[in-house]
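Visitor: Need a 3D model of the following:
(one chain, ligands or ions: 1)
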Amino acid sequence: MKTFRIGLIGLGGMGQAHIRWMSEMGGRFRLVAISDVNPPALADMGDKLGISEAKRYADFERLIADPDVDAVVSVTPNNVHAAIVRACLEAGKPFLAEKPFTRDFEEAVPLLALYERQPVAAMIGFTYRYTPAFRYARELVRQGRIGRVRSFSSQYLQGWGAAQYNCPFVWRFDKAITGTGTLGDLGSHMIDLARFLFGGEFLELTAQMQTIVPERPDPLTGEPVRIEVDDFVSFQARMTGDIRGVFQSSRNAIGSGNQHEISIYGDTGTIHASTLDEGHTVLIGEDGEGQLSRSTIAVPQRCRIKQYDDFLALLDGTETDGLPGIIDGYRNQEVLEAIVRASEIRSLVEL
Ligand code: SOE
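Guide: Okay, here's the model as predicted:
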């Protein structure tokens, strides 16, 4: 079996998580090149991983062009997502790129056109498709276990941004880098999960975006910096099949570490699933004689697929069920844009 030689762009916290995930794949991935704009990070990680000086790139274009790199993993802040995807598509180099697909919809449009002209094996890091409890919820829906799906609620909550923690002005709050705040960071996951679960699209929505903490201290000077991105967003949407969804995401939910959860309501039952218990999915149903049953089901092995299992399958050229690709990134960005617009005009937006 082939070992894929990987070039990793972005050595921050999530970059290090990707290094760990690749190392858990039985030797099928070998990290051969790294890139980061921060010279000390590049030197430290290069030394730690034993990557030669020649394969430590300050600019990502050279890593992508390196013939020793079979595939690229990109884990950078949002402002370089579009340029990296474009460079990979132009070079015909397979890649896994973190979400959101781009900083805004305008950046996404030419990328889809380019991909359609010259497709490349590509995956977008919508990692909650690989949360076992969510994947099993999708299977239960597809098996018709709760009948026709009518409505859906989704929340993705984190707490690290709450005012009392006085989190400094990091890149995730910088509009020029991120485009949006919690919307693009966490909301993009909620949108993708809804599309994955029901296999449909967002058709229309209303939304409200808010900045609860209006200033954050500059990490160097301590001076207050005005925040121009959201740290709370809520939206409601109508999806294909007339499914109605209500969504909220916050960075200020004290006590929530990484709490992403869904409830799906159908004609004959309900499904609950959460990252707080990734190994179980709750199924509530009527037995037809007025008796309610509630089972907390251990997720079967077949639904315990990892993101890197699918990336490997993609590189091996094997078909997979529900791998998030370029079109998913593009559609996601379209919904994010509609949410921003709906919040600005305080009115319904059709997609
Ligand atoms: C933000 O805190 C973050 O790291 C996101 O960027 C990831 O996409 C999410 O999976 C975990 O939280």
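Visitor: tell me the contacts of residue 91?
Guide: Neighbouring residues of residue 91 by CB atoms under 8 Å, 6 or more residues apart in numbering: 64, 65. C-beta here means a position set from N, CA and C on the backbone, and glycine is covered the same way.
Visitor: what sits against the closest residue in space to residue 122 that isn't next to it in sequence?
Guide: Computed as CB to CB, 6 or more residues apart in numbering, the closest residue to residue 122 that is not its neighbour in sequence is residue 326, at 5.1 Å. By CB under 8 Å, 6+ apart, the residues touching residue 326 are 85, 101, 111, 112, 115, 122, 124.
Visitor: go on, residue 198?
Guide: Contacts of residue 198 by CB under 8 Å, 6+ apart are 141, 149, 152, 239, 240, 241, 243.
Visitor: Quick check: the fourth one vs residue 111, distance?
Guide: This points to residue 239. For residue 239, the distance to residue 111 (CB to CB, to the nearest Å) stands at 24 Å.
Visitor: One more: the last one?
Guide: Counting by CB to CB, the gap between residue 243 and residue 111 amounts to 28 Å.
Visitor: can you check residue 283 too?
Guide: Distance, residue 283 to residue 111, by CB to CB: 39 Å.
Visitor: By proximity to the ligand, which residue of this structure wins?
Guide: Minimum separation of the chain from the ligand (CB to the nearest ligand atom) falls at residue 185, amounting to 4.8 Å.
Visitor: Pull the number of nearby residues for that residue.
Guide: Around residue 185 there are 22 other residues, counting by other CB atoms under 10 Å.
Visitor: if I pick it, what's in contact with it?
Guide: The neighbourhood of residue 185, defined by CB under 8 Å, 6+ apart, consists of 100, 172, 178.
Visitor: Swap in 10 Å and give it another go.
Guide: Contacts for residue 185 (CB atoms under 10 Å, 6 or more residues apart in numbering) come out as 78, 99-100, 156, 158, 172, 178-179, 229-231, 249, 251.
Visitor: For PyMOL, write a command that selects the buried ones of the residues you listed.
Guide: Buried subset of these, written as a PyMOL selection, criterion 16 or more other CB atoms under 10 Å:
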select buried, resi 78+99+100+156+158+172+178+179+229+230+231+249+251
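Visitor: Secondary structure, distance to residue 206 and pLDDT added to the contacts of residue 185, as TSV?
Guide: Listed next are the contacts of residue 185 as TSV, based on DSSP: H, G, I helix; E, B strand; the rest coil; distance: CB to CB, whole Å; pLDDT from 0 to 100:
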residue	secondary structure	distance to residue 206	pLDDT
78	helix	25	98
99	coil	23	98
100	coil	21	98
156	strand	18	99
158	coil	24	98
172	helix	25	97
178	helix	23	98
179	coil	20	98
229	coil	20	98
230	coil	15	98
231	coil	19	98
249	strand	15	99
251	coil	21	98
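Visitor: Between the contacts of residue 185, which sits nearest residue 307?
Guide: Comparing the contacts of residue 185 against residue 307 with CB to CB places residue 99 closest, at 11.4 Å.
Visitor: what's the closest one in contact with, if anything?
Guide: 78, 81, 124-128, 184-186, 188-189, 191-192, 324, 328-329, 332-333.
Visitor: again, 8 Å this time
Guide: Counting by CB under 8 Å, 6+ apart, residue 99 has contacts 124, 125, 126, 188, 189, 192, 329, 332.
Visitor: Just the local confidence number for the second one, please.
Guide: For residue 125, the model assigns a pLDDT of 98.
Visitor: With adjacent residues omitted, what lies nearest to it?
Guide: Sequence neighbours aside, residue 98 is the residue nearest to residue 125 in space, at 4.2 Å (criterion: CB to CB, 6+ apart).
Visitor: And the residue nearest to residue 122, its phi and psi?
Guide: Note on residue 326: backbone dihedrals following degrees, to the nearest 10 are phi -60, psi -40.
Visitor: Quick check: residue 315 touching residue 94?
Guide: Yes - under the criterion of CB atoms under 8 Å, residue 315 makes contact with residue 94 at 5.9 Å.
Visitor: Most neighbours among the contacts of residue 326, which one is it?
Guide: residue 101 (33 neighbours).
Visitor: and residue 294, helix, strand or coil?
Guide: What DSSP: H, G, I helix; E, B strand; the rest coil gives for residue 294 is strand.
Visitor: distance of it from residue 270?
Guide: Taken as CB to CB, the span from residue 294 to residue 270 is 9 Å.
Visitor: For those two, list the residues in contact with both.
Guide: 282, 283, 284.
Visitor: Just among the residues you listed, which is most surrounded?
Guide: Neighbour counts for these were taken using other CB under 10 Å; the highest belongs to residue 283, with 20 neighbours.
Visitor: Helix, strand, or coil at that one?
Guide: Put simply, residue 283 is strand when judged by three-state DSSP.
Visitor: Return the residues of the stretch 51-200 of the chain in contact with the ligand.
Guide: Residues of the stretch 51-200 of the chain lying near the ligand by CB under 6 Å from any ligand atom: 127, 158, 185.
Visitor: at 5 Å instead, please
Guide: Taking CB under 5 Å from any ligand atom, the part of the stretch 51-200 of the chain that reaches the ligand is made up of residue 185.
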